[in-house]
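> After the sequence you'll find the predicted model.
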Amino acid sequence: QDRVAGQAGPSMMCINPETHIQALVTEGDFKGLTVYCEAFELDMRHTEVAMNVSLGIYKVHMLAHMLMNELELARFVWKRLPEQLRGDPELRALWEIGKQMWLHEPAAVQAALVAHAWSSALIETLVKTLQRRSLEGAFRHFGSAYSTIMPETLSAKLGVSVTTVHELALAHGWVLEMTSGAYKPVPTEMPLGDTSQKDTMQQLTDFVAHLEREVR
């Protein structure tokens, strides 16, 4: 049977799913993680494993899309989940992160990331990576939006301590104005290729979601 380029092949699917997922996470291959989870679902593998294994793979699937900033795809995973899995507290806690990312609420994202005691080292690793990436992205966003900003203001917007704000500002070379106590962000250049089809799709999906009011 022919497969689309980049899709997980039969040899990949024969490996114990938890072993393969762990290997991809260790390598930091989150794109590969989404490909594997998608193929696992399309090949109906969820019907061949125990419910707890299926549940774990759905959690990884959703997190992998969040890590790739593919929020519309993470949302679709949530919407097509089997009804008997949706009540799982950890799965609901993960989708709460996704909802806040969708709504562009950085402080609420950070709160959701630390609101649950994650059940496994694997999920915790993915959540911590998402926490680091989302905080970095939000920090850069506010750095581009403001010419000067008080540490306390940025702390509230990011949902982290003022100490963390100082650490981030130092790492990014922001200038602290001694008279006002405000930071002057240093402009960062956006990498070439950032305006991708995926970004356009994200904007379109955000707009449709706004109209539908379906984020729940």
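Nice, thanks for sending it over.
> So which residue is dead centre in this structure?
Centre of the chain computed as the mean C-alpha position; nearest residue by Cα atoms, centre = their mean is residue 66, 2.7 Å away.
> pretty sure it belongs to a strand, no?
No: assessed by DSSP: H, G, I helix; E, B strand; the rest coil, residue 66 does not belong to a strand; its assignment is helix.
> Could you check how far it is from residue 89?
In this structure, residue 66 lies at 18 Å from residue 89, with Cβ to Cβ, to the nearest Å as the measure. In short, each C-beta sits where N, CA and C put it, glycine included.
> any idea which helix or strand carries residue 100?
helix 89-102 (DSSP states H and E).
> could you list every residue that touches residue 108?
When contacts are counted by Cβ atoms under 8 Å, 6 or more residues apart in numbering, residue 108 is found next to 100, 159.
> Would you list the phi and psi of it?
Main-chain dihedrals, residue 108, degrees, to the nearest 10: phi -70, psi -30.
> just checking, next helix/strand downstream of the strand or helix carrying residue 167?
For residue 167, the host element (DSSP H and E) is helix 162-171. Tracing the chain past helix 162-171, the next element assigned as helix or strand by DSSP H and E is strand 175-176.
> can you give me the strands in the protein?
Counting by DSSP state E, one finds strands in the chain at the ranges 175-176, 183-184.
> Out of these, which one sits most buried?
Of all the strands of the chain, strand 183-184 carries the top mean neighbour count, a mean of 20, counting by mean count of other Cβ atoms under 10 Å.
> what helices or strands is it leaning on?
Using 3 or more Cβ pairs under 8 Å, 6 or more residues apart in numbering; DSSP states H and E as the contact criterion, the neighbours of strand 183-184 among helices and strands are strand 175-176.
> Which strands border the strand it packs on, and is each parallel or antiparallel?
Counting by DSSP bridges, the strands paired with strand 175-176 are strand 183-184 (antiparallel).
> outside of the strand it pairs with, which residues touch it?
Outside strand 183-184, the residues that touch it by Cβ under 8 Å, 6+ apart are 147-151, 154, 169, 174-177.
> longest single helix anywhere in the chain?
Among the segments of the chain that qualify as a helix by DSSP state H, the longest is helix 121-145.
> I'd like the average pLDDT over that one.
Confidence for helix 121-145, expressed as mean pLDDT, is 96.
> Any buried residues in that helix, and which?
Judged by neighbour count using 16 or more other Cβ atoms under 10 Å, the buried positions of helix 121-145 are 122-123, 126-127, 129-131, 134-135, 138-139, 142-143.
> Pick the one among those closest to residue 28.
Looking at the buried residues of helix 121-145 and their distance to residue 28, the nearest is residue 129, at 8.0 Å (Cβ to Cβ).
> Who are the contact partners of the nearest residue to the closest one once chain neighbours are set aside?
Once flanking residues are discounted, residue 129 sits nearest to residue 67: 6.4 Å by Cβ to Cβ, 6 or more residues apart in numbering. Residues in contact with residue 67, defined by Cβ under 8 Å, 6+ apart, are 30, 33, 126, 129-130, 133.
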